[in-house]
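# Everything below, folded, please.
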Amino acid sequence: MKHFLRMLVAVVCCALLGACDLDAPKLASASVSIHQAGQSLRSWQLSRAQVASLERWLEEHRTGWNPDMAKYVPRILITGTGVDGSTWSIHVLGTVVVMTAGRTQLKQSFARTEIDSLFTAIGASQ
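Residues are numbered from 1 along each chain as shown. Modelled structure (predicted):
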């Protein structure tokens with residue numbers, strides 16, 4: 001309940017302020033799945049080093065996120081569990097990244113070089 005209230009406050013503040021900072025979780029584990037036309041093509045568990053790289057990428061890109069309510073068909077889907085037990089997902093859709101944690105969904109567009117660095121962090125190729 002406490003996590004839900006914190007996320008609700010974050011969404012309301014983001015809506016009022018326009019853009020918001022990402023409260024990136026400390027990650028316990030994460031996996032990646034590649035999809036095409038709604039079908040999973042392959043998936044893998046991230047190593048501890050890759051999880052640490054993903055955490056760094058999220059920390060480096062904390063600002064500029066906007067609330068989002070759309071539903072997405074996965075292309076590249078990163079799912080994970082925080083050390084606090086929270087679950088989250090990151091959809092990479094071209095140069096758009098959508099992060100969902102609980103009922104909170106945030107979206108941001110990035111330069112291709114930033115997406116490339118995310119792909120490097122998770123061991124994916126484009």
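# mind listing what the closest residue to residue 55 other than its chain neighbours touches?
Using C-beta to C-beta, 6 or more residues apart in numbering and skipping the chain neighbours, the partner closest in space to residue 55 is residue 27 (5.5 Å). Heads up, the C-betas are built off the backbone N, CA and C, glycines and all. Going by C-beta atoms under 8 Å, 6 or more residues apart in numbering, residue 27 touches 51, 54-55, 80-83.
# Helix or strand for residue 54, just tell me which one.
Using DSSP states H and E, residue 54 sits in helix 48-60.
# Just after that helix, pick out the following helix or strand.
strand 66-67.
# now for that next one, which elements pack on it?
helix 2-17, strand 104-109 (3 or more C-beta pairs under 8 Å, 6 or more residues apart in numbering; DSSP states H and E).
# That one pairs with which strands, parallel or anti?
strand 104-109 (antiparallel) (DSSP bridges).
# I'd like the next helix or strand past the partner strand.
helix 112-122.
# pLDDT on that following helix, on average?
The average pLDDT within helix 112-122 is 96.
# try stretch 94-104
93.
# can you list contacts of it?
3-4, 7-8, 10-11, 22, 25, 61, 65, 67-68, 70, 72, 75, 86-91, 105-112, 114-115, 118.
# tell me the contacts of residue 61?
Counted by C-beta under 8 Å, 6+ apart, residue 61 has contacts 22, 97, 108, 110, 114.
# Excluding residues flanking it in the chain, which one is nearest the third one?
The one in question is residue 108. Residue 108's closest residue in space is residue 65 (C-beta to C-beta, 6+ apart), at 4.9 Å.
# hang on, isn't that neighbour packed against residue 20?
Yes. At 5.4 Å, residue 65 and residue 20 qualify as touching, with contact defined as C-beta atoms under 8 Å.
# would you list the contacts of residue 27 in TSV and tack on distance to residue 124?
TSV is the format used below for the contacts of residue 27 (distance: C-beta to C-beta, whole Å):
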residue	distance to residue 124
51	14
54	11
55	16
80	15
81	19
82	21
83	23
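# For ChimeraX, write the select line for the buried members of these.
Only the buried entries of those go into this ChimeraX selection, using 16 or more other C-beta atoms under 10 Å:
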select :51,54,55,80,82
